[in-house]
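**Student:** Predicted model, plus sequence, below.
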Amino acid sequence: MTGVASGMSSTSSKTSDAAGRGDLPETIAVGRILRPHGLRGEVAVEVLTDAPRRLDPGSSLLLVREGEPPVPVLVAARRTPGGPEKAPPAHRARRAVELLRLAGIDDREGADRLRGGWLEIERSRVPPAPPGTYYRYELVGCRCVSGGEDLGEVVEVVEDGGGLLLLVSDGRREVPVPFVARFLRTVDVEHARIELELPPGLIEACASRS
């Protein structure tokens, strides 16, 4: 399952084309279904894309649930909830939540069956990232090197409220690396490699053991 929040790009120092990589997912998540809302089939959806019109009425998406094949779905209606949403975990920034109704789902029971599902699109429908930016799914899986030391692979990209962090793991330890220009030498998503220039002591100070 492509659980990685995708469709959002991150600033960096070099642009490239990841189309030739074999490890990229075939589909990209643009929303995550949190729970049913009301009695008429609406669901609360966490928006995982910086192109929110992908969730507009009439949009064709794929409903992806663990252990099941993707199912084509059509957005029938969309609105923004009025009440406050539950605060996200500390390592994640607050994301927009929209209320969607999918075609053919018109009661709470049907909506409840969608809980935990992902709304995705084919990767071929995602336009190239603007120059100097990358999509999250392009960064996940990249090998990270700093000062000749292999730090491992990017296993997740998270928001900490002040920017983006690459969570880099070699199987023994995990290091959160700020994805900021001053720490980046090159970002080559085509060959899944990120060269960093990290301050002395940052790895030791921030690493956690697996």
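**Tutor:** It's in.
**Student:** quick one, domains of the protein?
**Tutor:** The record's domain parsing of the chain by automatic domain parsing lists 17-125, 140-209.
**Student:** Let's have those in CSV, adding distance to Thr133, mean neighbour count and mean pLDDT.
**Tutor:** Where you see a C-beta, it was placed from the backbone N, CA and C, and this is true even at glycine. Supplementary listing: these in CSV, determined by distance: least, Cβ to Cβ, whole Å; neighbours: other Cβ atoms under 10 Å; pLDDT from 0 to 100:
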stretch, distance to Thr133, mean neighbour count, mean pLDDT
domain 17-125, 10, 16, 86
domain 140-209, 10, 16, 87
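**Student:** Is it possible to get the ones you listed out as a markdown table so that each row also shows distance to Tyr134?
**Tutor:** Below are these laid out as a markdown table (distance: least, Cβ to Cβ, whole Å):
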| stretch | distance to Tyr134 |
| --- | --- |
| domain 17-125 | 8 |
| domain 140-209 | 6 |
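**Student:** Looking at those, spot the one closest to Pro131.
**Tutor:** Among the domains of the chain, domain 17-125 comes nearest to Pro131, with 11.3 Å by Cβ to Cβ.
**Student:** hmm, who's touching stretch 21-31?
**Tutor:** Outside stretch 21-31, the residues that touch it by Cβ atoms under 8 Å, 6 or more residues apart in numbering are 2-7, 18, 45-49, 51, 54-55, 61-62, 64, 70, 98, 100, 118-123, 126, 135, 137-138, 141, 189-192.
**Student:** just stretch 66-83 next, same as before
**Tutor:** Under Cβ under 8 Å, 6+ apart, the answer for stretch 66-83 is 1, 27, 37, 42, 44, 55-64, 97-103, 105, 119-120.
**Student:** Now intersect those with the strands, please.
**Tutor:** Residues of the contacts of stretch 66-83 located in strands (DSSP state E): 27, 37, 42, 44, 60-64, 97-102, 119-120.
**Student:** Pro127: how many residues sit nearby?
**Tutor:** Other residues near Pro127 come to 7 when the count uses other Cβ atoms under 10 Å.
**Student:** I'd like the distance between it and Cys142.
**Tutor:** 20 Å (Cβ to Cβ, to the nearest Å).
**Student:** Thr27 now?
**Tutor:** Taking Cβ to Cβ, one finds Thr27 at 20 Å from Cys142.
**Student:** One more: Glu42?
**Tutor:** 38 Å.
**Student:** And Glu153, by the same measure?
**Tutor:** 7 Å.
**Student:** Kindly report the same for Glu46.
**Tutor:** Counting by Cβ to Cβ, the gap from Glu46 to Cys142 is 25 Å.
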